[in-house]
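K.L.:
Task: produce atomic coordinates for the following.
(2 chains)
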Amino acid sequence: DAMVIQNPRYQVTQFGKPVTLSCSQTLNHNVMYWYQQKSSQAPKLLFHYYDKDFNNEADTPDNFQSRRPNTSFCFLDIRSPGLGDAAMYLCATSREVAGGGDTQYFGPGTRLTVL
Amino acid sequence: QKEVEQNSGPLSVPEGAIASLNCTYSDRGSQSFFWYRQYSGKSPELIMSIYSNGDKEDGRFTAQLNKASQYVSLLIRDSQPSDSATYLCAVKGNQGGKLIFGQGTELSVKP
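P.N.:
Presented below is the predicted three-dimensional model:
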């Protein structure tokens, strides 16, 4: 059974056209994360939610926003995608942010192409 | 110095051999350590988590942690071609710090 689900799996957008990526989870985890991963690079954390508390990384561009309307869903909004935003976007969840419950489980990812 | 360092590889081993993947980290206060496997074009898949010094075994996989040396490793016994992937070491500091990934080691298991 899929535990972390991302939609769509592949997204093509035009330069500057807003796009929204979706993540849902059936694990009832408190924490949801969004990562950006470019080819041959490590995943880069953009932000995370602990319940409804939003935590933005200092170097995440303003072009990236996120919403978490409920425990199960989290969205990544890219307001004006540039060519440099083409990447795999990974959603992950964990029960807690520290201690034994901080293991992160990743969804299958959304591959974003910007034309 | 990078926060989490791995040899990028590729590491090539014959089928049936032991593959040894190594990782060092700079934050002495790190508390949680993870190994993920990532096939090309796919998302990271958790292989092992380890929190205490020593060895932790799960099937063909053994994670080893030495906090004094700031070193964590993953051994894969009886390597199979299906183990060919990039292995990401990830480390988390205390107090809920973010997960820091290494650049990954590419493993190739030759039949």
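K.L.:
where does chain B dip in pLDDT?
P.N.:
B:1-2, B:94-96 (pLDDT under 70).
K.L.:
So which bits of it are right by chain A?
P.N.:
Near chain A, the residues belonging to chain B are B:31-32, B:34, B:36, B:41-46, B:49, B:51, B:88, B:90, B:92, B:94-99, B:101-104 when assessed by Cβ under 8 Å from any Cβ of the partner chain. C-beta: built from backbone N, CA, C; applies to glycine.
K.L.:
Just the buried ones among these, please.
P.N.:
Buried members of those, counted by 16 or more other Cβ atoms under 10 Å in any protein chain shown: B:31-32, B:34, B:36, B:43-44, B:49, B:88, B:90, B:92, B:97, B:99, B:101-104.
K.L.:
Tell me which entries of the residues of chain B next to chain A lie within strands.
P.N.:
B:32, B:34, B:36, B:45, B:46, B:49, B:88, B:90, B:92, B:99, B:101 (DSSP state E).
K.L.:
Pick out the most distant pair among the buried ones among the residues of chain B next to chain A.
P.N.:
B:31 and B:43 (24.2 Å; Cβ to Cβ).
K.L.:
surely residue B:7 meets residue B:20?
P.N.:
No: Residue B:7 lies out of contact with residue B:20 (Cβ atoms under 8 Å); the separation is 10.3 Å.
K.L.:
check contacts around residue A:87.
P.N.:
A:36, A:37, A:38, A:112 (Cβ atoms under 8 Å, 6 or more residues apart in numbering or on different chains).
K.L.:
Tell me which residue is most central in chain A.
P.N.:
Geometric centre of chain A, nearest residue: residue A:34, 2.7 Å, by Cα atoms, centre = their mean.
K.L.:
Show me how far the host helix or strand of residue A:88 is from its chain's centre.
P.N.:
Residue A:88 belongs to strand A:87-94 when elements are defined using DSSP states H and E. On the basis of Cα atoms, centre = their mean, to the nearest Å, strand A:87-94 sits 4 Å off its chain's mean C-alpha point.
K.L.:
Show me what the helix or strand just after that strand pairs with in its sheet, parallel or antiparallel.
P.N.:
Next along the chain after strand A:87-94, taking DSSP H and E as the criterion, comes strand A:105-106. Strand A:105-106 has the following strand partners under DSSP bridges: strand A:87-94 (antiparallel).
K.L.:
Could I get the CA-only coordinates of the partner strand as CSV?
P.N.:
What follows is strand A:87-94 as a C-alpha-only set of coordinates in CSV (Å, rounded to 0.1, in the frame of the first residue of the first chain):
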residue,chain,number,x,y,z
ALA,A,87,14.2,18.9,-11.0
MET,A,88,12.7,16.0,-9.1
TYR,A,89,10.6,17.2,-6.2
LEU,A,90,10.4,14.8,-3.3
CYS,A,91,7.9,14.8,-0.5
ALA,A,92,8.8,13.0,2.7
THR,A,93,7.1,12.4,6.1
SER,A,94,8.2,11.5,9.6
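K.L.:
What angle do strand B:45-50 and that strand make with each other?
P.N.:
40 degrees (axes from the mean of the first three to the mean of the last three Cα atoms, to 10 degrees).
K.L.:
Quick check: mean pLDDT of strand A:87-94?
P.N.:
Averaged across strand A:87-94, the pLDDT comes to 97.
K.L.:
Near chain B, which residues of chain A are found?
P.N.:
So chain A meets chain B at A:41-43, A:45, A:48, A:57, A:88, A:90, A:97-98, A:100, A:102-109, A:111 (Cβ under 8 Å from any Cβ).
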